[in-house]
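Quick one, structure for this:
(chains A and B)
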2 protein chains.
Amino acid sequence: MRKRPIATNDPHIQALAGIVGETAILYRKEDLIAYDCDGFTVHRHLPRAVVFPNSTEEVAAIVNYCHKHDLPFLARGAGTGLSGGAIPLNGEVVISLTRMKRLLHVDLENRRAVVEPGFVNLKLTNSVAHRGYYYAPDPSSQYCCTIGGNVAENAGGAHCLKYGVTTSHILGLEVVLPTGEVIEIGGNGVLDPPGYDLLGLLTGSEGTLGIVTKITVRLLKNPEAKQTVLAYFDEVEDASQTVSDIISAGIVPAALEMMDQTAIEAVEAAAFPVGHPKDIAALLLIEVDGISAGIDEQINDILTICRRHRVREVKVAQSEEERARWWANRKTGFGAMGAISPDYLVQDGVIPRSRLPEVLREIAAISRRYGLRIANIFHAGDGNLHPLVLFDASKPGETERALAAGSECLKACAAVGGSITGEHGVGIEKKEEMRFIFTDEEILAQTAIRDVFNPKNLLNAGKLFPTPGRCVETKQAPLPVK
Amino acid sequence: MRKRPIATNDPHIQALAGIVGETAILYRKEDLIAYDCDGFTVHRHLPRAVVFPNSTEEVAAIVNYCHKHDLPFLARGAGTGLSGGAIPLNGEVVISLTRMKRLLHVDLENRRAVVEPGFVNLKLTNSVAHRGYYYAPDPSSQYCCTIGGNVAENAGGAHCLKYGVTTSHILGLEVVLPTGEVIEIGGNGVLDPPGYDLLGLLTGSEGTLGIVTKITVRLLKNPEAKQTVLAYFDEVEDASQTVSDIISAGIVPAALEMMDQTAIEAVEAAAFPVGHPKDIAALLLIEVDGISAGIDEQINDILTICRRHRVREVKVAQSEEERARWWANRKTGFGAMGAISPDYLVQDGVIPRSRLPEVLREIAAISRRYGLRIANIFHAGDGNLHPLVLFDASKPGETERALAAGSECLKACAAVGGSITGEHGVGIEKKEEMRFIFTDEEILAQTAIRDVFNPKNLLNAGKLFPTPGRCVETKQAPLPVK
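Model prediction:
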């Protein structure tokens, strides 16, 4: 950021510059444009300003100022969120945490580390790998997304099938509440800490309950061994049944990913092709890890199950380099859509694993109905679907059609007893879809909690819950009394 | 319960009998005495009445009635809780859930089951064992405690080291809120459900936020193989270092339990002796499970680590019968204290594993200072200590001395960055000790949440948080605004 003297009459911007310094604030329109959306690009709104605090004290001072002057505000990490959680819908003061990116403490004996919220996910693993440890949650954006953002969204990743999503790896938080107080929660690695589970409540609250300024995470020991299988199928049903049978056999793969034909077309046309045949209906990428002794037997069981379901070809990675190529191909899959479509919208639904074939058929029907291609790249092992609706925003009406098709995919997930988000969050994108799974009372139980933490609703308002008026959202009332 | 016509002028009891029927209510003093405490026997208070609803509708009707007429009320499962969570401090209407004990649904394909809250923990495993599944959380009271009570307390157990405490196994809840509404949370097995984590918030809320009437739990596939090791040490330090080294080696045992000399004296004098030498300083009970292929190698590694730390004798269970005997000896350990002491008080602290030797030395010093023997039986693998303070309640002042010694043990845990409860909850017993680890702001953040759910504080008041007046507890205010 170039140093430029503050040239504005807005007293709030002058006051905020007084807190963080004039080299740590953006307020000119041309600078603000980069902050008008996150990974959900359908809505764009300019913030009032973007501030870059360098400490918990500065964050608290900014929040105190906003609270006192009724200025809407929100926190932002790397801006990779896919549901619009960091979009300044109400012209918020955006508190960017990218300068708070220190690795504060590593305690391998008790397997934990303390990081600031702007610390990039993958850097943590890179920092402890030489000692034989890693940080498990691995969203596909892990090379650039921040751990603070991961906490806000309760981020998942391919390896969450075995190791659980972010909330399973967070041991403690320092949080600036929307009223400016700083509290600490957990941090000592207790499985069942006393009092209410504020750690769980804050994790995944999508930036509506507080701003995380310090995070204690669990580190895991690197597994002794790892094996990765790639399997090509001529029928989606066969791939789906293979997923079911692997889980039923009592195998818990570290990851169990599926891509369909459209997704394969995209990844092969993009930056990390690995030579998948383009005429297959689906592929599975299956990884097992653990102590060496059991691995070969598990791999043999997996190969047997694949063959039982008419796999066309199945292979085990012969080197770490080959394994890394397969994963790069998978992990850049969303972006790869750019190679076959001007725009795409990724959805994030969850279904009971046993309903996989039927929901995939329903998604194919939605695709035909809307005349839009839908690719599927997803965490099959835990039933977390990612339909990618391909569209062209320059064609009139196509964005709206894509959004409607995405929403129908979620409805199909909810209809089989599933959910409308597995790991991307609700944000702006899916707040109306919350009605697919929650009653008014259930939404009220949640907004009542938000109002306790966030009494003026200045922090990240208009996210996560349906718009008032349709569901009776109320600001002050506790739960309705009969 | 014998059928007796309602013979009281108390209109509330008549009204409650109208809801549940006159054979499902107790109100005479001689009947109420059995409900004046739970597993924490230091405080005793008579309830106003005990009702035995048979359905969610009846629970909701009772709660609605109490809410309308400002009657304090609380829920009770099997009454095995160790921190006094089910004690009717304020003459509550006790809602016993022991008649709601149906197993409603088993869905092995998606690995879940739905139970009513009065369903006994061990019965669930017994119900699905023949199909190769089990329910993981295994508190020592599992043969009689209820899953509803486990949810309230977020119960742990010996095998939680590998598999996590109750909260990791709860997929959904039906809850009657303190105002009488019924809400459903989760239930579809989603790793990261949308909205706030109400499931986590309710689990472990010690009966202060709502009454659980239906529970969807995760079932696990039985491990293919299991091996159990018993190791005797002449020095506590050697046993502690063995624990550390096993974990550092990357082995995740299913369970890793320790008993000290006093504990061994008690279990050998009680119902399930197994012939432990009485002159050893400590024993470890170590279990590994998983696929067969890796087990022998892990056991060999464990034996090597034990020998490196001067183990006197170490053996592997040669049969399921031998393994079961070792576990019965361990799991009845608390009750076994009765064989060597008229009374005992069990504490429940957590420490970072690396501080084990120093905290055990501190507990020994507390024992000498108070002139009371303290036995230790505990989950060493996750640093969850259970000091058992032995005393004689018939001797004047000894109960108070035992309570003070127990509290000092918790202070010692908090002092090394640990916690005041690992799995037994706070209840009445440890509410003042909450100050060892929480600031006033942090306690307020929690009581503010309670007040949202429980606006009149009729449900299980006086539990979990310190008494008002010392920490400024307030009823209506949201978080303090600076």
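
From chain B, how far off is A:Asn121?
16 Å (Cβ to the nearest Cβ, to the nearest Å). To be clear about C-beta, it is placed using only N, CA and C from the backbone, and glycine gets the same treatment.

who's in contact with that residue?
Residues in contact with A:Asn121 (Cβ atoms under 8 Å, 6 or more residues apart in numbering or on different chains) are A:135, A:137-139, A:141-143, A:145-147, A:150.

How many residues are close by A:Pro194?
29 (other Cβ atoms under 10 Å in any protein chain shown).

same check, this time on A:Thr304
Burial of A:Thr304 is recorded as 11 neighbouring residues (other Cβ under 10 Å).

Phi, psi for it please.
According to degrees, to the nearest 10, the main-chain angles of A:Thr304 amount to phi -60, psi -40.

quick check, distance from the strand or helix carrying A:Leu104 to the centre of its chain.
Here A:Leu104, judged by DSSP states H and E, is contained in strand A:103-107. What separates the centre of strand A:103-107 from the centre of its chain is 24 Å, taken as Cα atoms, centre = their mean, to the nearest Å.

how about whatever residue of the stretch 101-250 of chain A ends up closest to chain B, what does it touch?
Nearest residue of the stretch 101-250 of chain A to chain B: A:Gly200, at 3.3 Å (Cβ to the nearest Cβ). Shown in contact with A:Gly200 (Cβ under 8 Å, 6+ apart): A:167, B:167, B:197, B:200-201.

Can you add secondary structure, pLDDT and distance to B:Arg435 and give these back as JSON lines?
What follows is the contacts of A:Gly200, written out as JSON lines (DSSP: H, G, I helix; E, B strand; the rest coil; pLDDT from 0 to 100; distance: Cβ to Cβ, whole Å):
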{"residue": "A:Thr167", "secondary structure": "helix", "pLDDT": "92", "distance to B:Arg435": "27"}
{"residue": "B:Thr167", "secondary structure": "helix", "pLDDT": "92", "distance to B:Arg435": "24"}
{"residue": "B:Asp197", "secondary structure": "coil", "pLDDT": "91", "distance to B:Arg435": "26"}
{"residue": "B:Gly200", "secondary structure": "helix", "pLDDT": "92", "distance to B:Arg435": "24"}
{"residue": "B:Leu201", "secondary structure": "helix", "pLDDT": "94", "distance to B:Arg435": "22"}
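
List just the nearest of those residues to B:Ala7.
When the contacts of A:Gly200 are ranked by distance to B:Ala7 (Cβ to Cβ), B:Leu201 comes first, at 41.9 Å.

isn't the closest one right up against A:Gly195?
No - at 10.7 Å, B:Leu201 does not count as touching A:Gly195 under the criterion of Cβ atoms under 8 Å.

what's the burial count for the residue nearest to A:Tyr135 when sequence neighbours are not counted?
Among residues not flanking A:Tyr135 along the chain, A:Leu124 sits closest, at 4.3 Å (Cβ to Cβ, 6 or more residues apart in numbering or on different chains). By other Cβ under 10 Å, the residues close to A:Leu124 number 23.

now swap in the one 4 residues further on and tell me
Using other Cβ under 10 Å as the criterion, A:Val128 is surrounded by 20 other residues.

tell me the contacts of it?
Per Cβ under 8 Å, 6+ apart, neighbours of A:Val128: A:106, A:108, A:113, A:134-135, A:219.

before we move on, what about A:Asp36?
A:44-47, A:87-88.

what about 7 Å?
The contact partners of A:Asp36, by Cβ atoms under 7 Å, 6 or more residues apart in numbering or on different chains, come to A:44-46.

how close does A:Ala15 sit to B:Asp260?
A:Ala15 is 60 Å from B:Asp260, where distance means Cβ to Cβ, to the nearest Å.

ok, these two, which is more surrounded?
Neighbour totals were compared for A:Ala15 and B:Asp260, and B:Asp260 leads with 24 against 15 (other Cβ under 10 Å).

What are the phi and psi values at the more buried one?
Per degrees, to the nearest 10, the backbone of B:Asp260 is at phi -100, psi -180.

who's in contact with it?
B:236, B:281-282, B:375-376.

cool, A:Pro357 as well?
A:Pro357 touches A:236-237, A:240, counting by Cβ under 7 Å, 6+ apart.

Could you say which helix or strand holds it?
A:Pro357 belongs to helix A:356-370, assigned by DSSP H and E.

Flag every buried residue along that helix.
A:356-357, A:359-360, A:362-363, A:366-367, A:370 (16 or more other Cβ atoms under 10 Å in any protein chain shown).

pLDDT and neighbour count added to the contacts of A:Asn121, as CSV?
Compiled in CSV, those are given as follows (pLDDT from 0 to 100; neighbours: other Cβ atoms under 10 Å in any protein chain shown):
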residue, pLDDT, neighbour count
A:Tyr135, 97, 26
A:Pro137, 96, 29
A:Asp138, 93, 22
A:Pro139, 92, 25
A:Ser141, 91, 24
A:Gln142, 93, 23
A:Tyr143, 92, 15
A:Cys145, 96, 23
A:Thr146, 98, 29
A:Ile147, 98, 30
A:Asn150, 97, 35
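
Sitting in helices, which of those residues do you find?
Members of those lying in helices (criterion: DSSP state H): A:147, A:150.

my read: A:Phe436 touches A:Lys411, true?
Yes - between A:Phe436 and A:Lys411 there is a contact under Cβ atoms under 7 Å: 5.9 Å.
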